[in-house]
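S.K.: what's the 3D shape of this:
(4 chains)
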Number of protein chains: 2
Amino acid sequence: MNVRLQNPRQGSFSFDLEHGAEPDPMRYDDTHKQHTRQRLLQASAAVLKAQGFSATGVDRLMQAAGLSGGALYAYYPSKNALLAAVVENEVLSGHSRLTPERGSVTESLRHLLRQYLSLSHVQHPELGCLLPALAAELSRAPQDVQALLDRANELFVAHWAPRLGSRTDAQFLITQLVGSVLLARMSNDPERQREILNASKQKLTDMFLAPGRLPEPV
Amino acid sequence: MNVRLQNPRQGSFSFDLEHGAEPDPMRYDDTHKQHTRQRLLQASAAVLKAQGFSATGVDRLMQAAGLSGGALYAYYPSKNALLAAVVENEVLSGHSRLTPERGSVTESLRHLLRQYLSLSHVQHPELGCLLPALAAELSRAPQDVQALLDRANELFVAHWAPRLGSRTDAQFLITQLVGSVLLARMSNDPERQREILNASKQKLTDMFLAPGRLPEPV
DNA sequence: GTCTATACTACGATAGAC
DNA sequence: GTCTATCGTAGTATAGAC
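M.R.: Numbering: from 1, shown residues only, chains lettered A, B, ... in the order given. Just a heads-up that it's a prediction; the model follows:
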């Protein structure tokens, strides 16, 4: 099911997230295909986040990567398999983008709130987090995709739980972040969007950045 | 654009939310069509919430109301117009379903949390709130629909703001509610779903139902 | 590895019978 | 008011040339 590797490699290549066999026994020592695959993943991620999964055809997805529609099936056996790969890619890169691992807890939490709860995040879904952008479609995704989402959620919670004090706090935080961007996007009034974002920013700051709440000083 | 009413009527009938003219000049004194319209609204709301908008064809929507696909266009000029009508209908009925207007603030907030943050809400989107069920698709909906969503949001915020103390608190609450159900649905592990719901329930209870926080006694 | 062409299905919407 | 039939388009996926 998985392609045999001729060169040793770091990550996992399992794109066989829900389907049976890989149709194309192409060797993996070809770097061209790997680069194109990466371009495909990023380009289609942007389109998917902007337009949604069901509403976007394969042609549109591939066009964004500079390829024709039929070329998809040299990489993935189906549109659904591409989604799974995009989710995996986005969810990992998104996490590292938002949690810098450097600086104090206070600093990195402030950073997270400022970035995630920004107007520009609301107004540019194609550049932002996958979760609010694909929201309900992910809640109907096949098991394999949902398992990836569980891992992503766990990554976030495991990161923030010790920093905030409990898993409950960390879970509450991520929920509020995703909900805020989602609700803000449901409005087309920037004033309303701002109100929604600011409500979250203010209350989360009160909760987690109040003096004495966190280990380090402000 | 709007059909002339031969009998006086209570509500507004404006389904012309984004389109030009009503194609069918049928009279509104026919109660059959009104009842069927209501059935259509409720049936398609359930299907839309379960399957999503783009992923569901007109045939499937009408079938749920016991009608053939073509019959839609005797009621609405397009699939999009049906969505607008469903959103209007759901958003108003959803609000009154969740805010009983009876009992103390403490009681009704407890009621809201118990209902909205329940496992059964997570596992039965077709019976639940429209917002997490159509989530991102609503964030891409046409202006008319988003204006309805603004009104719905405002209804909720205006209701809870005086009861919780501020608009900020009310806005924070609705955001957390929608986000919780959405994130819980992205998992297919009931244990994970429960963790997400409980984190929200617990923190929101701490925030808004702590002794002395609200006017009335517990 | 990618394209063009195409098979097949589904879609949204309209026309006309009843 | 509703159905059946149908038009035109767009969808996913495959086949075969290069």
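S.K.: alpha carbons only for contacts and neighbour counts from here, please
M.R.: Will do.
S.K.: the helices in chain A, which residues?
M.R.: With DSSP state H as the criterion, chain A has helices at A:31-51, A:58-64, A:79-98, A:105-116, A:119-123, A:130-139, A:143-164, A:167-185, A:190-208.
S.K.: how much does the longest one deviate in direction from helix A:105-116?
M.R.: If I follow you right, that is helix A:143-164. Relative orientation of helix A:143-164 versus helix A:105-116 (axes from the mean of the first three to the mean of the last three Cα atoms, to 10 degrees): 140 degrees.
S.K.: So chain A: which segments form each domain?
M.R.: Per automatic domain parsing, the structural domains of chain A span A:31-83, A:86-208.
S.K.: Deepest-packed of those, please.
M.R.: domain A:86-208 (a mean of 20; mean count of other Cα atoms under 10 Å in any protein chain shown).
S.K.: what distance separates it from the centre of its chain?
M.R.: When distances are taken as Cα atoms, centre = their mean, to the nearest Å, domain A:86-208 is centred 9 Å away from the chain's centroid.
S.K.: Pull the contacting residues for residue A:184.
M.R.: Residues near residue A:184 by Cα atoms under 8 Å, 6 or more residues apart in numbering or on different chains: A:122, A:192, A:193, A:194, A:196, A:197.
S.K.: what does chain A put close to DNA strand D?
M.R.: With Cα under 7 Å from any atom of the strand as the criterion, chain A meets DNA strand D at residues A:54, A:56, A:57, A:58, A:59, A:69, A:70, A:73, A:77, A:78, A:79, A:80.
S.K.: Now pLDDT and distance to residue B:32 too, for the residues you listed, in TSV please.
M.R.: Formatted as TSV, these follow (pLDDT from 0 to 100; distance: Cα to Cα, whole Å):
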residue	pLDDT	distance to residue B:32
A:54	98	35
A:56	98	38
A:57	98	39
A:58	98	43
A:59	98	44
A:69	98	47
A:70	97	49
A:73	98	50
A:77	98	49
A:78	98	45
A:79	98	43
A:80	98	43
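S.K.: which among the residues you listed are in contact with DNA strand C?
M.R.: Filtering the residues of chain A next to DNA strand D for proximity to DNA strand C by Cα under 7 Å from any atom of the strand leaves A:69, A:70.
S.K.: Just name the closest of the residues of chain A next to DNA strand D to chain B, please.
M.R.: residue A:54 (5.6 Å; Cα to the nearest Cα).
S.K.: pretty sure that closest one contacts residue B:51?
M.R.: No - shown here, residue A:54 and residue B:51 do not form a contact pair, counting by Cα atoms under 8 Å, at 10.7 Å.
S.K.: Residue A:37 and DNA strand D, how far apart?
M.R.: With distances taken as Cα to the nearest atom of the strand, to the nearest Å, residue A:37 is found 16 Å from DNA strand D.
S.K.: got a list of what that residue touches?
M.R.: Residue A:37 makes contact with residue A:75 under the criterion Cα under 8 Å, 6+ apart.
S.K.: got a pLDDT number for it?
M.R.: For residue A:37, the model assigns a pLDDT of 97.
S.K.: One more: residue A:28?
M.R.: 54.
S.K.: so what's residue A:48 closest to, chain neighbours aside?
M.R.: Spatial nearest neighbour of residue A:48, chain neighbours left out: residue A:56 (7.0 Å); criterion: Cα to Cα, 6 or more residues apart in numbering or on different chains.
S.K.: Verify the contact between the one you found and residue A:49 for me.
M.R.: No - the pair residue A:56 / residue A:49 is not scored as a contact, 10.1 Å apart, by Cα under 8 Å.
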